[in-house]
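1. the following comprises the amino acid sequence and a computationally predicted model.
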Amino acid sequence: MSAPNKSYDPVEVETLKPEEIERMRDEALAAFAAAGDLDALQEAKVAHTGGTSPLALANREIGALPPHAKADAGKRVGQARGAVNKALAARQTELEAERDARVLVEEAVDVTLPYDRTPSGARHPLTTMMERVADVFVSMGYEVAEGPEVEAEWFNFDALNFGPDHPARQMQDTFFVQGPEGAGAAEGESGVVLRTHTSPVQARALLDREPPVYVVCPGRVYRTDELDATHTPVFHQIELLAVDEGLTMADLKGTLDHMVQSLFGADMKTRLRPNYFPFTEPSAEMDMLCYVCRGESVGNPDRPCRTCSSEGWIELGGCGMVNPRVLVACGVDPAKYSGFAFGFGIERMLMFRHNVEDMRDMVEGDVRFTRPFGMEI
Ligand code: PHE
């Protein structure tokens, strides 16, 4: 910087020479043009318009010029600075536009890409089926009741009129968790089993409520079967129990017909065949019309049916009028109340309704099995 009290000529002040100012201006313009992005432009801005930039320093020199030279120099520096600021603003706008255009391309969302890269799960068809059956009864005013899977032997057998020597109690059918004389069991106390059917929920429901009782009981049950194409040691049943005044076998039949019609179509029907269960009397095996051939394959070799083996009927489960001994065991007066019950396996129903050929597919948890059933809520 020049000493302030020398006799000045603007030409002598090196930094205020017109060509110097032009050079500073041109350098600034070149630096802006060369800045490839906003960060580089910011650096060039500081270097060429900041407080220590050549033009700012030159501007300061003006104050030390003699009055007659000030205007000229001031004009030149002012014009140069104006041109620099204008170029800076123009380059800024240009680079911002480039950045925005690039962001639009780089951060673009391709809305045509598959959206479920994290595949959604599917409810297991057994759950869906169980809920669908339960819903048929809920819409008729039945209440869903549940019971424990680890069950007192008394509920699983005694209350349901299984005699002490009934074969179903044997080890080959029942998983015993604790025998009647097991460790910790008091004398005369019930043993503990994994429930072999959902019927103990009947007894629990009757003990918990005053009749009339209308309950539907879905749940998991256990039997000591080997896992193969048609057996699994853990499976699902759904049980129905109605106890009221004046219920008859006709109510049972009508209820069964309504159920299969709701699930399989209005032309469905059921038939009953005599059977025996300790907790129902009379007892029956219930069949439903084959939902595939509707019975038309019977005696019709031209139209064989794989689903029912051309028998026209599919076995569904067991049913009957609640044995008065069960009512008594559960504190219900059989002189006043009667009831009906039925129960069937969900796996079997899923097998014939969806042509599932191997029960192991239902328990293995492979999503390739569950997915085609869809994501029903
Ligand atoms: N609990 C029986 C079974 O598991 C089915 C059944 C339920 C039969 C209700 C009659 C009444 O086989």
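-> Looks like it came in fine. Quantities reported herein were computed from a predicted structural model and do not represent experimental measurements.

2. now the helices for this structure?
-> Using DSSP state H, the helices of the chain run over 18-34, 38-49, 54-62, 67-106, 125-138, 153-156, 200-208, 249-264, 324-329, 346-354, 360-363, 367-370.

3. could I get these in CSV, plus columns for distance to the ligand?
-> Using the backbone N, CA and C atoms, a C-beta is placed for each residue, glycine as well. Below are these laid out as CSV (distance: least, CB to the nearest ligand atom, whole Å):
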stretch, distance to the ligand
helix 18-34, 86
helix 38-49, 76
helix 54-62, 96
helix 67-106, 63
helix 125-138, 14
helix 153-156, 10
helix 200-208, 7
helix 249-264, 10
helix 324-329, 10
helix 346-354, 11
helix 360-363, 18
helix 367-370, 25
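
4. output the ones you listed in JSON lines, with mean pLDDT appended to each entry.
-> Output for the helices of the chain, formatted as JSON lines (pLDDT from 0 to 100):
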{"stretch": "helix 18-34", "mean pLDDT": "92"}
{"stretch": "helix 38-49", "mean pLDDT": "94"}
{"stretch": "helix 54-62", "mean pLDDT": "88"}
{"stretch": "helix 67-106", "mean pLDDT": "91"}
{"stretch": "helix 125-138", "mean pLDDT": "94"}
{"stretch": "helix 153-156", "mean pLDDT": "94"}
{"stretch": "helix 200-208", "mean pLDDT": "96"}
{"stretch": "helix 249-264", "mean pLDDT": "96"}
{"stretch": "helix 324-329", "mean pLDDT": "96"}
{"stretch": "helix 346-354", "mean pLDDT": "89"}
{"stretch": "helix 360-363", "mean pLDDT": "91"}
{"stretch": "helix 367-370", "mean pLDDT": "85"}
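
5. looking at those, which is nearest to residue 190?
-> Among those, helix 153-156 comes nearest to residue 190, with 3.9 Å by CB to CB.

6. send the alpha carbons of the closest one over as CSV?
-> This file holds the C-alpha atoms of helix 153-156, laid out as CSV (Å, rounded to 0.1, in the frame of the first residue of the first chain):
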residue,chain,number,x,y,z
GLU,A,153,-56.7,-84.6,32.7
TRP,A,154,-60.0,-84.1,34.5
PHE,A,155,-61.2,-81.6,31.8
ASN,A,156,-59.8,-83.5,28.9
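
7. my read: residue 70 touches residue 62, true?
-> Yes - when contacts are counted by CB atoms under 8 Å, residue 70 is listed as touching residue 62 (5.8 Å).

8. need the helices of the chain in TSV (columns: mean neighbour count).
-> Formatted as TSV, these follow (neighbours: other CB atoms under 10 Å):
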stretch	mean neighbour count
helix 18-34	17
helix 38-49	16
helix 54-62	18
helix 67-106	14
helix 125-138	19
helix 153-156	22
helix 200-208	22
helix 249-264	18
helix 324-329	18
helix 346-354	20
helix 360-363	18
helix 367-370	14
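
9. identify whichever of the ones you listed lies nearest to residue 238.
-> helix 125-138 (5.2 Å).
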